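J.: Quick one, fold the following:
(one chain, ligands or ions: 1)
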Amino acid sequence: MLKYVSNKGGSPAVDIETAILNGYAPDGGLYVPEQLPQISAEQLAKWKPLSYQALAFEILSLFIDRSIVPAEELRAIIETAYSTFEKKEVIPIPQLKSRKNTYIMELFYGSTLSFKDVGMSFLINLINFFLKRKGEKLSVIVATTGDTGPAAASYVAGKSTLDAWVLYPKGLITDEQERQMTTLSDNNVHAVGVFNCPDGGDDLDVVIAKLFANPSFKEQVKLSSVNSLNWGRIMIQTVHYFYGYLQVADTIGEAVSMAVPSGGFGNLCGGALARKMGLPIHYFIVANNKNECLHRLFSTGVFSKKPIYETVSSAIDILIPINFWRYLYFCVDRDAEKIKAWTEEFDQTGKVQFDEKSFAAYREGFLSKSISDEKTIATIRQTFEAEAYLLDPHTAVALAATDLLKAQIGDHKVICLATAHPAKFSTILQKTLNVSTLPEAATHASIELAKRRCQKGYTADHAHLEEALLDAMETNWKQTQGNSK
Ligand SMILES: Cc1ncc(COP(=O)(O)O)c(C=O)c1O
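T.: Numbering: from 1, shown residues only. Model prediction:
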């Protein structure tokens with residue numbers, strides 16, 4: 001049976017159910033599979049005609065032992081997870097007309113209109129299956145820069161096994177994103193808008209880490225997390241890379257690159273591990289905005305934290321790409337001692353300079369770029385004028401990076417991952433397109449509905465967030481304990 005260990009080496013090997021329900025490994029590391037399954041070219045060729053759901057079943061079966069989730073149950077969880085997606089194919093991949101060999105992987109047809117739905121819908125349904133079987137309940141907490149929170153809230157809403165606490169930096173996400181969390185009527189979803197976050201969403205992660213380091217509180221409210229530190233999110237996020245490649249490549253082995261708007265490296269970690277499993281992605285293009293920690297990492301070999309900038313692609317205003325450590329583990333022959341030493345050095349000094357060998361190992365097959373707001377806006381405008389295709393600001397960051405790196409990428413196919421629907425960013429798009437009425441592509445019925453709902457939720461100040469959460473979460477847990485069925 002495939003077991004899961006911490007990338008820092010200090011936790012016992014566990015099965016997939018424990019890894020997913022724990023969230024963090026007990027030593028504060030990230031769970032990783034003991035081995036990465038390997039997929040041959042013959043196997044990939046057999047998978048080429050599969051639907052997204054059928055492919056997800058095949059790939060997830062490599063990570064989830066049948067003795068823990070029987071095949072029929074896994075199939076049912078996948079079906080339920082994607083049954084509410086707006087498009088039958090789950091992830092459409094149209095080709096752009098204004099650029100050669102360029103495709104857009106539209107990952108935003110889940111209930112909250114971002115790629116987070118692709119991972120969250122499956123993970124929450126899987127957790128719900130485990131908890132129902134055990135007759136237990138969990139509190140899950142996530143910090144969000146705008147999209148993880150809505151996805152967690154939406155898929156947890158109404159599930160008696162779960163309570164969701166979604167923390168967002170007040171004023172640093174869009175009105176649409178905030179309303180997706182605050183207009184749900186279900187009592188098991190708690191949105192917390194946090195004032196005074198100088199480092200944006202990263203500040204919230206620090207507080208969450210403190211809650212996880214408090215064993216009695218953790219036990220009392222049965223705390224876990226469904227953000228991308230949870231292995232379940234990464235595991236399912238390998239699937240859309242396989243799917244995208246198999247849809248677009250004519251033959252297995254054809255060079256196809258993928259451009260990914262990146263912040264925490266959760267999405268790209270799925271892709272990077274898919275490539276290590278045998279998916280022949282040519283280049284990954286790491287697309288950052290002005291908050292360019294990943295670009296620094298991939299171009300200079302330095303992992304460092306710099307002050308945050310507010311940008312038009314606010315969901316990737318992220319300073320510390322936590323999932324890089326997970327990918328790095330597989331680049332340094334699973335040397336957990338090294339990961340532990342580097343993460344400690346980073347925690348103490350805010351900087352790690354990687355040695356030449358490690359740098360060469362992790363950067364192989366990656367290109368990177370940092371994109372200014374001006375370039376993001378120009379890319380949205382130009383693509384809309386050229387072919388009436390409307391990009392959200394994050395997808396535009398990926399497309400702009402692809403344009404700028406064209407000489408290195410070459411003429412082969414490129415898939416840009418479209419990580420959010422434009423309707424979540426109406427104010428920016430209105431300014432970008434300089435129109436009083438937005439085109440239909442920038443609207444969505446669910447966003448319009450949320451505008452007509454009352455908002456509810458908590459607010460707190462960052463300086464007192466830990467205490468505020470201890471109090472609110474304990475009180476809520478006592479009041480609702482025993483409600484799980
Ligand atoms: C729209 C959008 N694009 C890209 C990202 C970056 O994803 P990741 O943090 O996994 O790199 C996020 C979230 O962080 C997002 O919400």
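J.: Tell me the secondary structure at Phe85.
T.: coil (DSSP: H, G, I helix; E, B strand; the rest coil).
J.: how about it, phi and psi?
T.: Dihedral pair for Phe85: phi -70, psi 140, per degrees, to the nearest 10.
J.: didn't it look like it was pressed against Phe108?
T.: No: at 9.8 Å, Phe85 and Phe108 do not qualify as touching, with contact defined as Cβ atoms under 8 Å. C-betas here are computed from N, CA, C, even on glycine.
J.: Show me whatever sits in contact with both of the two.
T.: Residues touching both Phe85 and Phe108 (Cβ atoms under 8 Å, 6 or more residues apart in numbering): Asp117.
J.: Looking at those two, which has the bigger crowd around it?
T.: The residue with more neighbours, out of Phe85 and Phe108, is Phe108; 29 against 19, by other Cβ atoms under 10 Å.
J.: in the helix ranked longest in the chain, what counts as buried?
T.: Secondary structure of the chain per DSSP state H: the longest helix is helix 116-134. Residues 116-131 are the ones in helix 116-134 that count as buried (16 or more other Cβ atoms under 10 Å).
J.: average pLDDT for that helix?
T.: Regarding helix 116-134, the rounded mean pLDDT is 98.
J.: next structured bit after that helix?
T.: Tracing the chain past helix 116-134, the next element assigned as helix or strand by DSSP states H and E is strand 138-143.
J.: now that next one and helix 116-134, what's the angle there?
T.: 160 degrees (axes from the mean of the first three to the mean of the last three Cα atoms, to 10 degrees).
J.: got a list of contacts for the helix or strand harbouring Val5?
T.: Per DSSP H and E, Val5 falls inside strand 4-6. With contact meaning Cβ under 8 Å, 6+ apart, strand 4-6 is reached by 11-16, 18-19, 25-27, 29-34, 231, 336.
J.: where do the helices sit along the stretch 201-350 of the chain?
T.: Counting by DSSP state H, counting those that start in this stretch, the stretch 201-350 of the chain has helices at residues 201-212, 215-220, 231-237, 239-248, 266-276, 293-300, 324-331, 336-349.
J.: Of the ones you listed, which is nearest Leu417?
T.: helix 266-276 (6.8 Å; Cβ to Cβ).
J.: ok, residues contacting the worst-scoring helix or strand of the chain on mean pLDDT?
T.: One helix or strand of the chain scores below all others by mean pLDDT, DSSP states H and E: helix 201-212, with a mean of 92. Under the criterion Cβ under 8 Å, 6+ apart, residues 23-24, 28, 141-145, 167-169, 172, 194, 197, 217-218, 223, 225, 308, 317-320, 322, 462, 465-466, 469-470 lie in contact with helix 201-212.
J.: Just those: which are in strands?
T.: 141-143, 167-169, 194, 223 (DSSP state E).
J.: Which one of those residues is nearest to Arg363?
T.: Nearest member of the ones in strands among the contacts of helix 201-212 to Arg363, counting by Cβ to Cβ, is Ala143, at 28.0 Å.
J.: That closest one: what's it in contact with?
T.: 149, 167-168, 201, 204-205, 207-208, 227.
J.: Quick check: the farthest pair among these?
T.: Farthest-apart pair in the contacts of Ala143 is Gly149 and Val207; separation 14.4 Å (Cβ to Cβ).
J.: before we move on, the earlier item: only whichever of the contacts of helix 201-212 are buried, select them in ChimeraX.
T.: Burial among those is assessed by 16+ other Cβ under 10 Å; the matching ChimeraX selection reads:
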select :23,24,28,141,142,143,144,145,167,168,169,172,194,197,217,218,223,225,308,317,318,319,320,322,462,465,466,469,470
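J.: Might you report the residue contacts of the closest residue to the ligand within the stretch 101-250 of the chain?
T.: Residue nearest to the ligand within the stretch 101-250 of the chain (Cβ to the nearest ligand atom): Asp147, separated by 3.2 Å. Counting by Cβ under 8 Å, 6+ apart, Asp147 makes contact with 112, 114-116, 177, 315, 419-420, 424.
J.: repeat that for 6 Å
T.: Residues counted as contacts of Asp147 (Cβ atoms under 6 Å, 6 or more residues apart in numbering) are 114, 116, 315.
J.: What of Asp65?
T.: The contact partners of Asp65, by Cβ under 6 Å, 6+ apart, come to Met1.
J.: mind redoing it with 10 Å?
T.: 1-3, 15-17 (Cβ atoms under 10 Å, 6 or more residues apart in numbering).
J.: Surely Ala151 is in contact with Gly119?
T.: Yes: in this structure Ala151 lies within contact range of Gly119 using Cβ atoms under 10 Å: 7.8 Å.
J.: list the residues that contact both of those two?
T.: Joint contacts of Ala151 and Gly119 (Cβ under 10 Å, 6+ apart) are 110, 226-227.
J.: What's the PyMOL line that selects buried ones from these?
T.: Only the buried entries of these go into this PyMOL selection, using 16+ other Cβ under 10 Å:
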select buried, resi 110+226+227
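J.: all strands for the stretch 301-450 of the chain, in order.
T.: Assigned by DSSP state E, counting those that start in this stretch, the stretch 301-450 of the chain shows strands spanning 302-304, 351-353, 366-370, 413-418.
J.: Point out the most buried one among those.
T.: Most buried of these, by mean neighbour count (mean count of other Cβ atoms under 10 Å): strand 413-418, with a mean of 27.
J.: what about the residue lying closest to Gln455 once chain neighbours are set aside, distance to Arg453?
T.: Among residues not flanking Gln455 along the chain, Thr182 sits closest, at 4.0 Å (Cβ to Cβ, 6 or more residues apart in numbering). Distance of Thr182 to Arg453, computed by Cβ to Cβ, to the nearest Å: 8 Å.
J.: Tell me which of the two has more neighbours.
T.: Set side by side, Thr182 and Arg453 show more neighbours around Thr182, with 23 against 12, by other Cβ under 10 Å.
J.: I'd like to know how far that one sits from Lys48.
T.: To Lys48, Thr182 is 43 Å away according to Cβ to Cβ.
J.: What parts of this protein come near the ligand?
T.: Taking Cβ under 6 Å from any ligand atom as the criterion, the neighbours of the ligand within the chain are 114, 145-147, 228, 261-268, 315-316, 318, 394, 419-420.
J.: nearest to Ala274, of the ones in strands among the contacts of helix 201-212?
T.: Closest to Ala274, out of all of those and judged by Cβ to Cβ, is Val142, at 23.7 Å.
J.: pLDDT score for that closest one?
T.: pLDDT at Val142 comes out at 96.
J.: Excluding sequence neighbours, find me the nearest residue to it.
T.: Per Cβ to Cβ, 6+ apart, closest to Val142 is Asn227, 4.4 Å.
J.: Was I right to think that neighbour contacts Ile322?
T.: Yes: counting by Cβ under 10 Å, Asn227 does reach Ile322; the two are 8.9 Å apart.
J.: shared neighbours of the two, which are they?
T.: 205, 264, 266.
J.: Now tabulate those residues in JSON lines and tack on distance to Asp355.
T.: Formatted as JSON lines, the shared contacts of Asn227 and Ile322 follow (distance: Cβ to Cβ, whole Å):
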{"residue": "Asp205", "distance to Asp355": "27"}
{"residue": "Gly264", "distance to Asp355": "24"}
{"residue": "Gly266", "distance to Asp355": "25"}
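J.: from those residues, which is closest to Thr251?
T.: Of those, the one sitting nearest to Thr251 (Cβ to Cβ) turns out to be Gly266, at 30.1 Å.
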